[in-house]
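Novice: Next comes the sequence, and after it the predicted model I'd like to discuss.
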Amino acid sequence: MAVIELKSVRKSFGALNIIPGVDLTIGHGEFVVFVGPSGSGKSTLLRLVAGLEETTGGSIMIDGRDVTALGPAERELAMVFQSYALYPHKTVRANMSFALEVAKVPREEIRRQVEKVAALLQLTHLLERKPRELSGGQRQRVAIGRAIVREPVAFMFDEPLSNLDAALRVEMRLEIAKLHQRLGATMIYVTHDQTEAMTLADRIVVLDKGIIQQTGSPLDLYERPANLFVAQFIGSPKMNILPARLGGISMPGASGEATHIGIRPEDIYIAEDGKGHLDAKVEVVERLGSDTFAYVALKDGDLITIRAPRDAAAAVGQQIRIGFQENRVHAFDAHGMAIGR
């Protein structure tokens, strides 16, 4: 386990400033997820920590040691990429042991370490197979196993599940979560998928244009977003955003300085008694079994999403009245910053 500290870390490519300046501390055994849209700087930041990119400014500390000028091997970190990068002509055993052989670790120690890690990842019965004989999920487990055998001080995951289908992504997500619980290792994980971030992280770092927008636990970011960007990026379906005064009506929960309010789909209800807050027309209904999603249009044309019970009586073209759970409404000022967090 390791403590990783980023102090005013910057990265530029010529005149293009990718990371303007990041300060962040990742604690012993913490699972931190960098999340953000494409181009937000999350992978660049990970590569700076790993030593795969040189910093333009600032410093990177691992357990109090300044590693800013050190190469990847000297930082004692392990990387797992979206590409498995396995040697096709080598067996699973040989792929997992290769780094230890290069480091001239004694043969018996290599065998012991590989077999221990193979048992941890349920790869023992696959040790003599070649990568072409494995499924995508098995190959990714081998890539993770190859990282574990080195006994690094921390693990870096860069979009490791992007090449897997939906079912395998869920399976591997669970495997990585269980792995963290067993190893108790410090892990940094990069993804554009906010579902992965929410389910895996002890702490999420939300990035946009190389700037940290907010850090916190998954529920903290979901329930108390710092700004409009985080409010709409975290959560699926995303938060509905409306003008604080819509058609002359002051939205519930909006203070005088609020220009917009946000309300999550599950915090909007169809008002059967006709009370509610706004009139709407049902445009699309999606019945997913456990939930029903209704997409409704307000009089001014704004389209909002309602997450309703599975048996909700909503039909396309229906005129309805909707209401807001007033204690769940988020208010934002003209700069997009949350009010009263």
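Specialist: Cool, the structure landed.

Novice: drop to CA atoms for contacts and neighbour counts, all remaining ones
Specialist: Will do.

Novice: In space, what's closest to Glu115 - neighbours in sequence excluded?
Specialist: Spatial nearest neighbour of Glu115, chain neighbours left out: Thr124 (6.8 Å); criterion: Cα to Cα, 6 or more residues apart in numbering.

Novice: For stretch 55-68, which outside residues touch it?
Specialist: Here stretch 55-68 makes contact (Cα atoms under 8 Å, 6 or more residues apart in numbering) with 2-12, 21, 48-49, 51, 54, 75.

Novice: And Asp273, how close does it get to Gly323?
Specialist: According to Cα to Cα, to the nearest Å, Asp273 stands 11 Å off from Gly323.

Novice: Which of these two has more residues huddled nearby?
Specialist: Gly323 (18 against 7; other Cα atoms under 10 Å).

Novice: Tell me what the more buried one is bridged to.
Specialist: Tyr269 (DSSP bridges).

Novice: what's near enough to touch it?
Specialist: Gly323 neighbours (Cα under 8 Å, 6+ apart): Ile268, Tyr269, Ile270, Ala271, Lys275, Gly276, His277, Leu278.

Novice: Narrow the residues you listed to just the buried residues.
Specialist: Buried members of the contacts of Gly323, counted by 16 or more other Cα atoms under 10 Å: Ile268, Tyr269, Ile270, Ala271, Gly276, His277, Leu278.

Novice: per-residue pLDDT, Leu168?
Specialist: Predicted confidence (pLDDT) for Leu168: 80.

Novice: Could you report the neighbour count for it?
Specialist: Leu168 has 16 neighbouring residues, counting by other Cα under 10 Å.

Novice: Can you tell me the closest non-neighbouring residue to Pro225?
Specialist: Distance criterion Cα to Cα, 6+ apart; nearest residue to Pro225, sequence neighbours excluded, is Ala231 at 5.1 Å.

Novice: Is that neighbour in a helix, a strand, or coil?
Specialist: What DSSP: H, G, I helix; E, B strand; the rest coil gives for Ala231 is helix.

Novice: Test my guess that it contacts Gln214.
Specialist: No: if you go by Cα atoms under 8 Å, Ala231 and Gln214 don't touch, sitting 10.4 Å apart.

Novice: Which one's more surrounded, the two?
Specialist: Using other Cα under 10 Å, the more surrounded residue of Ala231 and Gln214 is Ala231, with 24 against 17.

Novice: Could you pull up the residues touching the more buried one?
Specialist: Applying Cα under 8 Å, 6+ apart, the residues near Ala231 are Leu221, Tyr222, Pro225, Lys238, Met239, Gly262.

Novice: mind pulling up the phi and psi values for the third one?
Specialist: Backbone torsions for Pro225, taken as degrees, to the nearest 10, come to phi -60, psi 140.

Novice: And the last one, by the same measure?
Specialist: Recorded main-chain torsions at Gly262 are phi -120, psi 140, according to degrees, to the nearest 10.

Novice: where in the stretch 151-300 of the chain is pLDDT low?
Specialist: Under the criterion pLDDT under 70, the flagged ranges of the stretch 151-300 of the chain are 247-255, 274.

Novice: need the strands for it, in chain order.
Specialist: Ranges of strands in the stretch 151-300 of the chain, per DSSP state E, counting those that start in this stretch, are 154-158, 186-191, 203-208, 211-216, 240-243, 245-246, 249-250, 260-263, 268-270, 278-287, 291-298.

Novice: buried stuff in the last one?
Specialist: Same thing as strand 291-298. In strand 291-298, counting by 16+ other Cα under 10 Å, buried: Thr292, Phe293, Ala294, Tyr295, Val296, Ala297, Leu298.

Novice: Stretch 300-317 now?
Specialist: Quick answer for stretch 300-317 (16+ other Cα under 10 Å): Leu303, Ile304, Thr305, Ile306, Arg307, Ala308, Ala312, Ala314.

Novice: Span of it from start to end?
Specialist: By Cα to Cα, one end of stretch 300-317 lies 16 Å from the other end.

Novice: Contacts made by that stretch with the rest, please.
Specialist: Stretch 300-317 is contacted from outside by 237, 240, 242, 247, 264-269, 281-285, 287-298, using Cα under 8 Å, 6+ apart.

Novice: what do you get if the cut-off is 6 Å, keeping everything else the same?
Specialist: 240, 265-266, 268, 282-284, 290-297 (Cα atoms under 6 Å, 6 or more residues apart in numbering).

Novice: and that stretch, how far out from the chain's middle?
Specialist: 28 Å (Cα atoms, centre = their mean, to the nearest Å).

Novice: Could you do stretch 29-45 as well?
Specialist: 7 Å.
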